[in-house]
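Peer 1: just coords:
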């Protein structure tokens, strides 16, 4: 019966080592320690779940079998499978296909020496991440190889920047360190020691093969490795000094060129800007051509890498630019993974001594097959880099988007992937702007620009603008305008309206777009989801803003107040105000006091229907005195004013109020002409009966009546044109547009069009200055006629009063029994009457002169109307001269309407 010590694991493991190696306990001490470490280690899963590596292994297997065409077909099918994203577990399917393709009856090339089982040290830090490293030192036992340091193969591919990418070699034999080969000293371990192997597989390889095979293969491999990697002289008798290089030597160099590193024979030519084979070596023409085709990858890699290295450190490049660099680096990372596979394959061939002629060896032609897809990707990336030079922000995104319009599905999927990464910062800017009104654009990449120097009262008009160069091509101008309006509306509500409560629908819309992975979905489905989100936010925000302005700040009521008071729409108020102001405004302008006029204004409000208006509106109505010029009366400087502030000042800006002031002064002057002619007509009616006893004045009165009738007709037609054809029609259009407006900009634009229309059609614009001067001259003639008639009536009434007094004294004396008049009084009376009668021709001449001037001005005004480009003004000339009275006097008015239009077009 065995003692307990003989059944312990350590004793049993030591006996197993002695039995396998056929040596004593002292001779197997090192192998025993290694076995202890193997049993006590925690190995990671035996198969690395790397989809890329499995695909590369399948392609290698197809190439090894001489099926390069099948390898190319598989590469294309795998690319389509990878781009569509239909399957989630692609690695499992590929690994299953690879496993099914392997022949279980195939005899593997396995190591036959029992000693090889313990020839390799276990990795110290075995874990699930694939890695490279040289065989570490064994346990600190007193044996020959204790102090041997790891070789230079440790951390493979450090220069390429892919040392973190994992590789493994499938179905490869584990080479035996040279310290365990008979008759040879210890050599540095190969990369095969660094690759993770399954312990069971290693045991199987070791226990099923013979010792001589390993020795022959290893010794053969060492010699082959040395011979295949060195250039050799072309011929002994060649005096040119040229050296013929082998294909394996070029393969090693081209792998470095793939990373942008000059090889020993393939170097960058700065003059020709390409990689070229050194002139001192003379490969065959086919090798040289194949090498040149492969070296293009290095040139493309350098172009892309140079761009990313330069731009990655440039902060002014912005977030969009950094995202573009990150997308390029991500593509380069995939490229580096391929290079790591190729380097690993080459290293395994070197360590195992694989000849160039063996089917599994790495050749230039096989590199052409394996790098076909990466070359296409790098070409597209290099084209993108060229097209995006000097661009940033939305302009950069537009440049990338331009390349997505391709018929190649492979290139389109690549560009769309990059576009999704590049547009992600823009999408973040967009969401922050349309849902929170925040604009954090440090590097001026977004297409909405903000001016921090603009004050709150000009926030809507000047603070936020569009950078047209930064509008991405996948966002239309209409949607970019909506994006601008959304954020501008939110800031307007917060800063001007002091409303911090967004609508419930806006909160719902904002929550539905919080996912950061919306970028690709948004920008690949521009017609639906992306535009739908912008439209929803636009309608909700604009509707909420208009509701606040109409309900809280009475925007529409203020607009109607402008129409009633500044555009003289409240007729009873305007008429009564003129009646009350007439005594005050007849005084010189320098003698007026604003508080007196304000009191009269309040009295007019209380006496008319204006008293029923909203007190908020009446409180804003005020009197304004214009700048006084010498000789001005109160009529020339008086004006009504309407105070606006807060949010409504965004619609009724200072420019708009100045337009209202100009229109009011024009309408007030025209209304005053109507008021004056009304007084003239009343004077005619009243004085006609009084002066019928003075027959010598009948001609003068008739002449006054005719001229007054002409003036009344002119003013009535002008008032009709201004009131109905200009103000009412324009106001009706404005009101309809305001009712249909979807945002505040629509209201502002409609209001500006309204003001521009009435400014133009009331002859207040620069193009109608001549017409306005003629009209003002007509108004001056009306004022002159009023003064002339007033003076004539005063003289006639004074003469009538004297005659009545003379007759009254005459009757009183006759009643007292005296003579009615003396000869002296009769003579004086007759002299005075004769003097008055002598003054009548002078009055007639004044009236004739006034009539002549007036008719001349009106005729010139009519000529200007007929040549006007505005059709309504041309038809106004017909109404002013309805009976062709002026047409008979002015030949230029006898032209037909068609002739006038042709003449106007020639002008």
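Peer 2: Great, that's in hand. Treat the numbers as computed from the prediction; the structure is a model and nothing was measured.
Peer 1: mind giving me the domain ranges of this protein?
Peer 2: By the record's domain assignment, the chain is partitioned as 8-40, 247-390, 402-553, 554-652, 675-892 (the TED database).
Peer 1: can you tell which of those is closest to residue 96?
Peer 2: Checking the domains of the chain against residue 96 by CB to CB gives domain 247-390 as the closest, at 20.8 Å. For every residue, glycine as well, the C-beta is placed using N, CA and C.
Peer 1: and that closest one, average pLDDT?
Peer 2: If you average the pLDDT over domain 247-390, you get 86.
Peer 1: Quickly find the element holding residue 449.
Peer 2: Take DSSP states H and E as the rule and residue 449 turns out to sit in strand 448-450.
Peer 1: following that strand, which helix or strand shows up next?
Peer 2: Scanning the chain past strand 448-450 towards its C-terminal end, the next helix or strand to appear is strand 464-466 (assignment: DSSP H and E).
Peer 1: wait, is residue 624 part of a strand?
Peer 2: Yes: when the secondary structure is assigned by DSSP: H, G, I helix; E, B strand; the rest coil, residue 624 falls within a strand.
Peer 1: Just give the number of residues close to it.
Peer 2: Counted with other CB atoms under 10 Å, the neighbours of residue 624 add up to 14.
Peer 1: residues contacting it?
Peer 2: Counting by CB atoms under 8 Å, 6 or more residues apart in numbering, residue 624 touches 639-641, 661.
Peer 1: List the beta-bridge partners for it.
Peer 2: In this structure, residue 624 has the following beta-bridge partners (DSSP bridges): residue 639.
Peer 1: name the element residue 444 belongs to?
Peer 2: With DSSP H and E as the test, residue 444 turns up in no helix or strand.
Peer 1: roughly how far apart are it and residue 307?
Peer 2: Counting by CB to CB, to the nearest Å, the gap from residue 444 to residue 307 is 21 Å.
Peer 1: neighbour-wise, which of these two wins?
Peer 2: residue 307 (20 against 14).
Peer 1: ok, and the closest non-adjacent residue to the more buried one?
Peer 2: If the residues on either side of it in the chain are set aside, residue 307 comes closest to residue 385, at 4.6 Å by CB to CB, 6 or more residues apart in numbering.
Peer 1: how about the helix or strand harbouring the one you found: buried residues?
Peer 2: Using DSSP H and E, the secondary-structure element containing residue 385 is helix 372-387. Using 16 or more other CB atoms under 10 Å as the burial criterion, the residues of helix 372-387 that qualify are 373-375, 377-378, 380-382, 384-385.
Peer 1: ok, the closest residue to residue 462 other than its chain neighbours - how many residues close by?
Peer 2: Distances taken as CB to CB, 6+ apart place residue 454 nearest to residue 462, at 4.7 Å, with adjacent residues excluded. Here the number of neighbours of residue 454 (other CB under 10 Å) works out to 15.
Peer 1: Check the gap between residue 454 and residue 592 for me.
Peer 2: Here the distance between residue 454 and residue 592 works out to 38 Å (CB to CB).
Peer 1: What residues does the residue nearest to residue 439 when sequence neighbours are not counted make contact with?
Peer 2: If you skip the residues right next to it in sequence, residue 439 has residue 450 as its closest partner in space, 5.2 Å away by CB to CB, 6+ apart. Applying CB under 8 Å, 6+ apart, one finds that residue 450 lies in contact with 439, 441, 463-464.
Peer 1: Please consider this matter closed, and thank you.
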